[in-house]
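Participant: Give the three-dimensional model of this entry:
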Amino acid sequence: MKNTSWQEVADWYTNYSNDPTSYHHTVIIPNLLRVLGPVHDLSVLDLACGAGVVSKALAEAGARITGVDASSTLIARAQKSVATIQPQAKFHIASAEKLPLTTHSVDNAVCVLALQNIRKVKETFAECARVMRSQGRLELVLNHPAFRIPQGSSWGWDETAKQQYRRVDYYLSEKSVQIVAHPGQVKSESTTSFHRPLQYYVKLLTAAGFAVTRIEEWISPKKSQTGPRQKEEDRLRKEIPLFMLIEARLV
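Facilitator: So this is what the prediction gives:
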């Protein structure tokens, strides 16, 4: 069993990611499959795969799945979720910076909402470059680094202008923040989230031998409840993206 804070929040994360109303299902997976295009019979690495919600979607699309996660509990759940679709799928308990895979063994790799929880990003990108085949694509989905900054961004309301706005208190500074899984509880598990600016990822991807070939920004499809701020909240929800996709191709 790997030592990871995600081991302690495995139940919460499994329930969240499997909820059909979660952003995984309403935003991330549909967009990720669109960006990847046909994956039938391609070998795809799901890096930090969690409970396997992305692995399952990729397996249903015909990809040959290899999943890696540091949590033994999450790996067991990922393997179970994919087993009925693809019994030969492989899942490994391992850290992202030390992959138990042979060199040039996968066509593409995805890392969904996990990069901000990985401490050793430089080593992780180097490992991705090692295990991927030439011209393979690495698809990174993360909380938008400019607008969803842990303990550094929030919604605000300008009463005079009757406008909502997004407040950003820092961006270029790299920070490590403890995120409480169950706010309000006397005792709650927590995970570590790392904030880094966009240039941090681009520089490390380039150093690892990747070329950034696409950036997309994805918004929330949610609608506010009826009220005096509904129109403004819905307008700004379309202006401030929740997620960013960074696509990098191994050159």
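Participant: Would you state the helices of the stretch 1-150 of the chain in chain order?
Facilitator: Along the stretch 1-150 of the chain, counting by DSSP state H, counting those that start in this stretch, helices occupy 10-18, 23, 29-36, 53-60, 72-83, 121-131.
Participant: So what's the gap between the shortest one and the chain middle?
Facilitator: The reference is to helix 23. 11 Å (C-alpha atoms, centre = their mean, to the nearest Å).
Participant: List of residues touching it?
Facilitator: Ser220, Leu242, Phe243 (C-beta atoms under 8 Å, 6 or more residues apart in numbering). For the C-beta atoms, the positions are set from N, CA and C on the backbone; glycine is no exception.
Participant: Quickly find the element holding Val212.
Facilitator: Using DSSP states H and E, Val212 sits within strand 210-218.
Participant: So for Gln163, what's the pLDDT?
Facilitator: Confidence at Gln163, expressed as pLDDT, is 96.
Participant: Near it, how many other residues are there?
Facilitator: Using other C-beta atoms under 10 Å, Gln163 has 13 neighbouring residues.
Participant: Grab the nearest non-local neighbour of it.
Facilitator: Distances taken as C-beta to C-beta, 6 or more residues apart in numbering place Glu232 nearest to Gln163, at 6.1 Å, with adjacent residues excluded.
Participant: isn't there a helix covering that neighbour?
Facilitator: Yes: Glu232: assigned to a helix according to DSSP: H, G, I helix; E, B strand; the rest coil.
Participant: what ranges do the strands span in the chain?
Facilitator: 43-47, 64-69, 90-93, 108-112, 137-143, 153-158, 163-168, 175-180, 190-195, 210-218, 243-250 (DSSP state E).
Participant: Name the residues that touch the fourth one?
Facilitator: Spelled out, it's strand 108-112. If you take C-beta under 8 Å, 6+ apart as the criterion, strand 108-112 is touched by 24, 28, 32, 36, 39, 42-48, 54, 58, 96, 128, 131-132, 136-141.
Participant: Show me which of the contacts of helix 23 is closest to Leu204.
Facilitator: Ranked by distance to Leu204 (C-beta to C-beta), those are led by Phe243 at 19.5 Å.
Participant: I figured the closest one hits Glu217, correct?
Facilitator: Yes: the criterion here is C-beta atoms under 8 Å, and Phe243 meets it with Glu217 at 7.2 Å.
Participant: Now for those two: what residues contact both?
Facilitator: Common neighbours of Phe243 and Glu217 (C-beta under 8 Å, 6+ apart) are His144.
Participant: So between the two, which is more surrounded?
Facilitator: Using other C-beta under 10 Å as the criterion, Phe243 and Glu217 rank with Phe243 on top: 21 against 13.
Participant: quick one, what contacts Tyr200?
Facilitator: Val121, Glu174.
Participant: One more: Ile149?
Facilitator: Ile149 touches Val168, Asp169, Tyr170, Tyr171, His195, counting by C-beta under 8 Å, 6+ apart.
Participant: Most neighbours among these, which one is it?
Facilitator: When neighbours are taken as other C-beta under 10 Å, the top entry among the contacts of Ile149 is His195 (22 neighbours).
Participant: my guess is that one meets Gln116, correct?
Facilitator: Yes: with contacts counted by C-beta under 8 Å, His195 reaches Gln116, the gap being 7.2 Å.
Participant: shared neighbours, those two?
Facilitator: In contact with both His195 and Gln116: Pro150, using C-beta under 8 Å, 6+ apart.
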